[in-house]
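1. fold the following for me, if possible:
(one chain, ligands or ions: 2)
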Amino acid sequence: MIASVECSAVSGEVYAPPSKSYTHRAILITSLGPGGRVLRPLLSADTLATISASEAFGAKIGKEEKKDDLFIDGVGDLPQTPENVIDVLNSGTTLRFCSAVAALTDGAVLTGDSSIRTRPNGPLLDSLRELGADAFSIKNNGKAPLVIRGKMLGGTAHLQGGLSSQFLSALFIASPLAERETRIRIVGELKSRPYAEITLDMLHDAGITIEEGEQEFIVPGGQSFDLERYTIPGDFSSASYPLAAAAVTGSEVMVKGILPSRQGDSAIIDILTLMGAQVSWNRESGDLRIKGGELEGIEIDAGRTPDLVPTIAVLGAVAKGTTTVVNAEHVRHKETDRLHAMAVELTKMGAKVKERPDGLEITGGKLHGASVHGYHDHRIVMALTVAGLVAGETRIDTAEAVDVSYPGFFREMERLGARVRVE
Ligand SMILES: O=C(O)C1=C[C@@H](OP(=O)(O)O)[C@@H](O)[C@H](O)C1
Ligand SMILES: C=C(OP(=O)(O)O)C(=O)O
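-> Residues are numbered from 1 along each chain as shown. Ligands and ions are numbered 1, 2, ... in the order given. Alright, predicted model coming up:
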């Protein structure tokens, strides 16, 4: 699918889609216990992969007829051995979380699309082996297809923290059902930490105890899950696109449904404010209002907020002066190498971008239209769409990738007045 974008401003109101990260966790955690309801879930390609995987472990999941709410009949702390290979499609979260759950069963084979098969899982496989499971990559390079054989019993795992927080979240979700206590020691700096904090929060709501330290976590074994009812908050990463669209076009937009939560990507509010946009957030009503203006470059540490990097790169390409993104090496291991992708594509649009090993240096200026590549990556496609609003005459390929996290993206942007056509 090609998205064609013309110069246009945006205005009006848009609802933030429900959080992808919260939805994955709510489905899996509810499925592991007796069952319950997930209210206002995100139904997208990635979360459908987690629904299928939870069903493969024995949960029964249905959708209410008129609303998207899910009702789940869970496995009562006894995930079953899947009958077949688990296909996680494009979803790293599903791959990592379900690999750990598979270690509680006799075993499973997990794989996904061509992007998933390039992403690293070595630290998780090493930890699962330390905890008593057999876990390996068929190609012996840490990448899917992965073979997991149970059972993980507990013990001490030494987990490399520098690549992804999803390995830690995966161990948090599975280890309460191990027979014995699990100790997880983080080696090095833990990247994307807020996502591990979301997992801890939701497990706490499900009645799970985890002793938290800075670099060490202790999870007692033999616990029981019970998440009866969970309402999914709005997604800050998805909200960053309409917010950035207003910021770069100097327009005014209200994003609704943005209540406080543990999402690290709420940092987008401070980033936009520091760059010169006027942002006000009513935390009670969940209304986030932005008025764009002249933007100025800043330095941003993206260690905790990897998913904002494509959005920040576009803001930097339009802002006055230089925007520097640092501490973002882990952003190279997403659906595509997002540092490289944004450097190459924004350069095609006339921006001056230097790619560094752990980030980007972007000197803003006037963008012009171009045919750009979306890399089958939802965040690259959405960020380049925002850039297209100021560049004009922009064509983005693989635009169907938005289905991964924000299926209504183009429709909503059009409703806000953006001149976008998809065919
Ligand atoms: O746990 C999660 O829900 C996520 C964690 C982050 O990944 P890493 O921890 O691999 O950086 C983030 O990029 C991803 O979109 C969602
Ligand atoms: C990297 C992402 O997700 P995942 O790791 O689940 O594929 C994302 O949504 O940007």
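
2. what does this structure have sitting close to ligand 1?
-> By Cβ under 6 Å from any ligand atom, the residues of the chain that approach ligand 1 are 21, 93, 164-166, 169, 191-192, 195, 306-307, 330. Placement of C-beta: from N, CA and C, glycine included.

3. could you redo the last one with a cut-off of 8 Å?
-> 20-21, 24-25, 92-93, 96, 163-167, 169, 191-192, 195-196, 198-199, 237, 306-307, 330-331, 333-334 (Cβ under 8 Å from any ligand atom).

4. those: which ones sit near ligand 2?
-> Restricting these to those near ligand 2 by Cβ under 8 Å from any ligand atom leaves 20-21, 24, 92-93, 96, 164, 166, 237, 306-307, 334.

5. dump these into CSV; add neighbour count, secondary structure and pLDDT as well.
-> Shown next, in CSV, are those (neighbours: other Cβ atoms under 10 Å; DSSP: H, G, I helix; E, B strand; the rest coil; pLDDT from 0 to 100):
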residue, neighbour count, secondary structure, pLDDT
20, 25, helix, 98
21, 30, helix, 98
24, 29, helix, 98
92, 21, helix, 98
93, 23, helix, 99
96, 25, helix, 99
164, 27, coil, 98
166, 25, helix, 98
237, 27, helix, 98
306, 26, helix, 98
307, 26, helix, 98
334, 23, coil, 98
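
6. out of those, which is nearest to residue 59?
-> residue 24 (13.6 Å; Cβ to Cβ).

7. now do the same contact list for that closest one.
-> By Cβ atoms under 8 Å, 6 or more residues apart in numbering, the contact list for residue 24 reads 46-47, 50, 91, 93-94, 97.

8. report pLDDT for residue 64.
-> Note for residue 64: predicted pLDDT of 88.

9. over to residue 67?
-> pLDDT, residue 67: 87.

10. wait, a helix at it?
-> No - counting by DSSP: H, G, I helix; E, B strand; the rest coil, residue 67 is not found in a helix; it is coil.

11. any idea how far it is from ligand 1?
-> Separation of residue 67 from ligand 1 (Cβ to the nearest ligand atom, to the nearest Å) stands at 23 Å.

12. measure that residue to residue 40 for me?
-> According to Cβ to Cβ, to the nearest Å, residue 67 and residue 40 sit 8 Å apart.

13. give me the more crowded residue out of these two.
-> Remark: of residue 67 and residue 40, residue 40 carries more neighbours, 20 against 10, as counted by other Cβ atoms under 10 Å.

14. quick one: the strands in the stretch 251-400 of the chain?
-> For the stretch 251-400 of the chain, applying DSSP state E, counting those that start in this stretch gives strands covering 252-256, 278-282, 287-291, 299-301, 322-326, 352-356, 359-363, 371-372, 394-396.
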